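Visitor: Below is the sequence, then the predicted model.
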Amino acid sequence: MSAFDKYLHAVIVRAMDEAQDDGSATIDAHHLLLSLAADQGSTAQQVLTSAGLDRATVREALDREFEHSLSMVGVSPAAYGLPGPSHASQQPKMGASARLALERSFACARKKDLRSAHLLLGILQAQFGTVPRALALAGIDQAELEDHVRQTLTSQE
C-alpha cells in the first residue's frame, strides 16, 4: 500500500466518523471536506486555513447550509425544536457526491503524484450540492479557492 493509499484511508475513516456523527447513512463530499479541514499539517488543510476555513468554520458553514435549505421549504429548526442527529447505527457507505469527488481527484494526476490538495480540488470542482452552497453561504469564492489549490499544486511540482 502506497503512502497516498494510507493517507486516503485515514481521510475516509475520518469522513466516516463525520458521517456517523451526522447520523448519515452515507459518506458525502462534505464529510470528506470536514476530514481534510481537520487534517493538521496537510497541504489541503493549509489551503483551507488560508481561506479562513478550519474544521469548525466548515462545520458552521454546513450547518448554515442545512438551515438555509430547510428554510427554503418553510421549515425552521429553531421554531420546531428539532433534535440533533443521532449517531448512525450502521457503518456509512460511500455516497455519490464523495465518489464523484474522489473520481475528480484521481483524474487530476497520476496515482503516484496524488496529494491531499488533489482531494480538496476534487471536492471543490463540484458545481452543485451541499459543499458549493455551504461555501457560498460562508462567503467563500469557490472558483478562487480552486485556483489557489491549483497554484499550490503547481508550486509543489
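Guide: Happy to help now that I have it.

Visitor: Can you name the next helix or strand after the helix or strand bottoming out on mean pLDDT in the chain?
Guide: Across the helices and strands of the chain, mean pLDDT, DSSP states H and E gives its lowest value to helix 77-80, namely a mean of 70. Note on helix 77-80: by DSSP states H and E, the next helix or strand toward the C-terminus is strand 93-94.

Visitor: Same question for the helix or strand just after that next one: list its buried residues.
Guide: Proceeding N to C from strand 93-94, the next assigned helix or strand is helix 96-107, under DSSP H and E. Neighbour counts over helix 96-107 (16 or more other C-beta atoms under 10 Å) mark 97-98, 100-102, 104-105 as buried. Yep, even glycine has a C-beta here, placed from its N, CA and C like the rest.

Visitor: packing partners for helix 96-107?
Guide: strand 26-27, helix 29-37, helix 116-124 (3 or more C-beta pairs under 8 Å, 6 or more residues apart in numbering; DSSP states H and E).

Visitor: Format these as a markdown table; extra columns: mean neighbour count.
Guide: Below are the helices and strands packed on helix 96-107 laid out as a markdown table (neighbours: other C-beta atoms under 10 Å):
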| stretch | mean neighbour count |
| --- | --- |
| strand 26-27 | 22 |
| helix 29-37 | 27 |
| helix 116-124 | 26 |
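
Visitor: I'd like the ones you listed laid out as a markdown table, including mean pLDDT and distance to residue 20.
Guide: Formatted as a markdown table, these follow (pLDDT from 0 to 100; distance: least, C-beta to C-beta, whole Å):
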| stretch | mean pLDDT | distance to residue 20 |
| --- | --- | --- |
| strand 26-27 | 97 | 9 |
| helix 29-37 | 98 | 9 |
| helix 116-124 | 97 | 19 |
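
Visitor: neighbours of the closest residue to residue 117 other than its chain neighbours, just the number please.
Guide: Distance criterion C-beta to C-beta, 6 or more residues apart in numbering; nearest residue to residue 117, sequence neighbours excluded, is residue 43 at 4.6 Å. Look at residue 43: counted by other C-beta atoms under 10 Å, it has 19 neighbours.
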